[in-house]
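Engineer: need a structure here:
(chains A and B)
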Amino acid sequence: MSTITQDSPAAHDDHHDDHHHGAPKGIMRWILTTNHKDIGTLYLWFSFIMFLTGGAMAMVIRAELFQPGLQLVEPNFFNQMTTVHGLVMVFGAVMPAFTGLANWLIPMMIGAPDMALPRMNNWSFWILPFAFAILLSSLFMEGGGPNFGWTFYAPLSTTYSPDSTALFVFSVHIMGISSIMGAINVVVTIVNMRAPGMTWMKLPLFVWTWLITAFLLIAVMPVLAGTVTMVLTDKYFGTSFFDAAGGGDPVMFQHIFWFFGHPEVYIMILPSFGIISAIVPAFSRKRLFGYSSMVYATASIAILSFLVWAHHMFTTGMPVFAELFFMYCTMLIAVPTGVKVFNWVATMWRGSISFETPMLFAIAFIILFTIGGFSGLMLAITPVDFQYHDTYFVVAHFHYVLVTGAIFSIMAAAYHWLPKWTGNMYDERLGKIHFWCSTISVNVLFFPMHFLGLAGMPRRIPDYAIQFADVNQIVSIGGFAFGLSQLIFLAVVLKCIKGGEKASAKPWDGAEGLEWTIPSPAPYHSFSTPPEVK
Amino acid sequence: MTTKHEPYYVPAQSAWPIIGAVGLFLIAFGAGSYVQQLNTQQSSGGYILTAGIAVILFMIFGWFRTVIHESMAGLYSSQMDRSFRQGMSWFIFSEVMFFAAFFGALLYARMIAVPWLGGASNNAMTHEVLWPTFEAVWPLVTTPDGTKTEAMGWTGLPLYNTIILLTSSVTLHFAHVSLEKGKRTALTLWLGATILLGLAFLVLQAEEYIHAYQEMGLTLASGVYGNTFFLLTGFHGMHVSLGTVFLLVLFFRVLKGHFTPDKHFAFQAGSWYWHFVDVVWLCLFIFVYVL
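Structural biologist: All right, here's what the predicted structure looks like:
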């Protein structure tokens, strides 16, 4: 039952009989699917489950830190929680969510029948749950799971790591394979499958940002694979890449890891920029201000991302010229990022703005992500970083860019495109409640962390000095509130899938793009015949 | 729209990806357990790993058979062909970056880590206090903790291997030209010669490893020189093995007459892969052996 996505009868042959029928039924639909929308849905649900899993680990962390002293968990288990929380959120929640959005939206946005390589698309998704099954199962093994931080610095991950480290290594390998295949699919789809007339500078920004993200993924995920491989051989096969006694260097680990790690940071934010660039114009009822500068800014950020990795390592004793080089390069990133923030604000300027939930999340993104950007600039200043390094200031910084940045943009995207996906409008009142609960609690959660860090509280430690107790209590309350708020989101999504006011093809009057030209819910096969783009 | 759009083949549901996912899971879980059990009596990991490899081989066999059938049935448009080509190119780019990580480790160890251990830059005290007798030379034949080894020269086996692999790239190119000109016999001969050269390379590489381990004391555990040597040449050797299998499959498909002068993506992909492996070897030869 293959499907030729074109109306030419000549393209049919005998086993393509149920051409253009709807989705197959039952569980096997999801396991065997080659449909970009099904695979997008799978990615999104997987990501949400991982978000709750990683979130539960964050709750353990915040519960332990509610009071000074050790009360709930062993320090070793606490370390496993911080480590696996990071790994699950980065590789299990944020990245698959973006891949899910890419799967759902890119073919519709560029007028393609599906992703370029549909079977590989299925494979990219289905290896992910297995990878996380391996990673999470290691938590229950003798000696425990990974406890060396998601950055798995040597020698913590080599000399001092638990027996199960090999499982961590191989699960990261699978996550990498998944990301690389997903990224190749995205690049090929965008380059090769655009509808006639969909020229480069007409591409929606979500497509542009994902194209550049995919390039970053293909470039750096293999480096991560190399890094974990060296950790594996150092731990189990007697090599000494990261051991000075054999002529290696633990700092070399950090260089190779962050050569992956810094572009990875942009992998988790560039698609957000694309989402916000779709939502802000839609609810301001204006064209996006400075489209081409947005494209160039995204590309500049991607290029610069390869030149800033050592700003994670200012305290490792690098030569001064290296510290200065990485400091200035890092600060340079503020320029294209600033271009983006100003463009979004300029788009809203004198627009006819309405504040539906996607727009609320988008505006919160712009403000809160910018706070995270500013704390990033503070961290970029080498001498100042000596003070901030490995404190809660860093934790506050990257949670502002990843939670109120990446996650908020994913929420915004979900609300914006839910009507297209389900055919029903979500409950606006519940959505707004979700937004306000999240936004207030997330600031109670992360903003005071800045002060904890400035006062010298180190990250990744289960206990702390008594003077940090009050602020930690506030932070933990914010954390529990933010965690619970996400259950509202689950309720909104379930309610929207079940029913609700029927959505028109274009429920947002200011929205632009090919995805709004097809009915809601989007038919199983959209754009079997490519649309013409003027 | 004036030009008619070609149909883009979107395959129906397929079981191969999920079989592949299970296979990959077994490989990862098995390999992880196997490595953990290295110094114990347990051996469950090895069995799981073997099962995983079997499943993956089954998957590769079945998936490629499906693809070949679809291709022979003429379901693939020229746009599909472009998708495949671009996909393969990006895959090779990802492989380049994989090797880049290890070349990066080699250059870092050689240019920075080892000199610093010897007191260069601002590390005089590191040298003085921690490793006062350490001499920073490359190849690193004596590690800071005193492990001794020998450096692999570039003459002899490595040089022969370089010549063999470079020649194989040329013979493969001739095979490709013959294919494009429709000369079946020449194609078969040149492709066969390439495969033989690939096998010869692998045999000599194995010879070199045996020599390194048994006579030179150059092992995986002999410091960062041996580490970079074995991981770089080892991963390269794995790629040559994979490339040889790839070419072998192409050889049988040539015998079956699967390729036409203007439509032979699989051949093209195999040839790209082989040339890529060849270029990696050139970098290896220069940075690992000669310099």
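
Engineer: C-alpha only now, for contacts and for neighbours.
Structural biologist: Fine.

Engineer: can you name the residue of the stretch 151-291 of chain B nearest chain A?
Structural biologist: Nearest to chain A in the stretch 151-291 of chain B, going by Cα to the nearest Cα, is B:Gly223, at a distance of 4.3 Å.

Engineer: and that residue, what does it touch?
Structural biologist: Contact partners of B:Gly223, counting by Cα atoms under 8 Å, 6 or more residues apart in numbering or on different chains, are A:Thr239, A:Ser240, A:Phe241, A:Gly246, A:Gly247, A:Gly248, B:Leu140, B:Thr142, B:Thr143, B:Thr147.

Engineer: touching, the third one and B:Val224? I think so.
Structural biologist: Yes - with contact taken as Cα atoms under 8 Å, A:Phe241 and B:Val224 are classed as touching, separated by 5.8 Å.

Engineer: tell me, what's touching those two both at once?
Structural biologist: Common contacts of A:Phe241 and B:Val224 (Cα under 8 Å, 6+ apart): A:Gly247, A:Gly248.

Engineer: which strand or helix spans the residue in the stretch 1-150 of chain B that chain A sits nearest to?
Structural biologist: As assessed by Cα to the nearest Cα, chain A sits closest to B:Ala12 within the stretch 1-150 of chain B, at 4.1 Å. Counting by DSSP states H and E, there is no helix or strand that carries B:Ala12.

Engineer: does the helix or strand bottoming out on mean pLDDT in chain B reach chain A?
Structural biologist: Ranked by mean pLDDT, DSSP states H and E, the weakest helix or strand in chain B is strand B:9-10, scoring a mean of 82. Yes - under the criterion of Cα under 8 Å from any Cα of the partner chain, chain A is reached by strand B:9-10 at B:Tyr9, B:Val10.

Engineer: what's that strand packed up against?
Structural biologist: Strand B:9-10 makes packing contacts with strand A:3-4 when contacts are defined by 3 or more Cα pairs under 8 Å, 6 or more residues apart in numbering or on different chains; DSSP states H and E.

Engineer: any stretches of the chain with poor pLDDT?
Structural biologist: Going with chain A. By pLDDT under 70, the weakly predicted segments of chain A are A:1-21.

Engineer: that's the wrong chain, I meant chain B
Structural biologist: Along chain B, segments meeting pLDDT under 70 span B:1-6.

Engineer: how is it carved up into domains?
Structural biologist: Each domain of chain B is listed here as a residue range: B:1-76, B:78-290, per automatic domain parsing.

Engineer: quick one: end-to-end distance for the longest one.
Structural biologist: For domain B:78-290, the separation between the terminal residues is 44 Å (Cα to Cα, to the nearest Å).

Engineer: kindly report the same for stretch A:399-411.
Structural biologist: Stretch A:399-411 has an end-to-end distance of 15 Å (Cα to Cα).

Engineer: just how off-centre is it within its chain?
Structural biologist: Relative to its chain's centre, stretch A:399-411 lies at 8 Å (Cα atoms, centre = their mean, to the nearest Å).

Engineer: buried stuff in it?
Structural biologist: For stretch A:399-411, a neighbour-count test (16 or more other Cα atoms under 10 Å in any protein chain shown) marks A:399-411 as buried.

Engineer: can you give the contact residues for it?
Structural biologist: By Cα under 8 Å, 6+ apart, the list of residues contacting stretch A:399-411 from outside reads A:94, A:97-98, A:268-269, A:272, A:275-276, A:358, A:361-362, A:364-366, A:368-369, A:371-373, A:442, A:446.

Engineer: if you set the cut-off to 7 Å instead, what comes out?
Structural biologist: Here stretch A:399-411 makes contact (Cα atoms under 7 Å, 6 or more residues apart in numbering or on different chains) with A:Val94, A:Met268, A:Ile269, A:Ser272, A:Ile275, A:Ile276, A:Phe361, A:Ala362, A:Phe365, A:Leu368, A:Phe369, A:Gly372.

Engineer: how about the residues of the stretch 151-291 of chain B by chain A?
Structural biologist: Residues of the stretch 151-291 of chain B lying close to chain A (Cα under 7 Å from any Cα of the partner chain) are B:Leu220, B:Ala221, B:Gly223, B:Val224, B:Asn227.

Engineer: any of the residues you listed buried? List them.
Structural biologist: Using 16+ other Cα under 10 Å as the burial test, these include B:Leu220, B:Ala221, B:Gly223, B:Val224, B:Asn227 as buried.

Engineer: in a strand, that's where the first one is, yeah?
Structural biologist: By that I understand B:Leu220. No - read with DSSP: H, G, I helix; E, B strand; the rest coil, B:Leu220 is coil and lies in no strand.

Engineer: what's the burial count for residue 114?
Structural biologist: Answering for chain A, as no chain was given. Neighbourhood size, A:Asp114 [other Cα atoms under 10 Å in any protein chain shown]: 26.

Engineer: should've been chain B
Structural biologist: Residues near B:Val114, counting by other Cα under 10 Å: 27.

Engineer: what sits against it?
Structural biologist: Residues near B:Val114 by Cα under 7 Å, 6+ apart: A:Gly247, B:Ala136.

Engineer: show the subsequent helix or strand relative to whatever helix or strand it lives in.
Structural biologist: Taking DSSP H and E as the definition, B:Val114 sits inside helix B:114-117. Sequence order places helix B:124-125 as the next helix or strand after helix B:114-117, per DSSP H and E.

Engineer: nearest residue to the residue nearest the centre of chain B other than its sequence neighbours?
Structural biologist: With distances taken as Cα atoms, centre = their mean, the residue of chain B nearest its centroid is B:His239 (1.9 Å). Spatial nearest neighbour of B:His239, chain neighbours left out: B:Val277 (6.7 Å); criterion: Cα to Cα, 6 or more residues apart in numbering or on different chains.

Engineer: roughly how far does A:Trp126 sit from B:Ala15?
Structural biologist: 11 Å.

Engineer: these two: which is more packed in?
Structural biologist: Each of A:Trp126 and B:Ala15 has its neighbours counted (other Cα under 10 Å); A:Trp126 has more, 24 against 19.

Engineer: count of residues packed around the closest residue to the more buried one other than its chain neighbours?
Structural biologist: The shortest distance from A:Trp126 to any non-neighbouring residue, by Cα to Cα, 6+ apart, is to B:Ala21 (6.0 Å). B:Ala21: 26 surrounding residues under other Cα under 10 Å.
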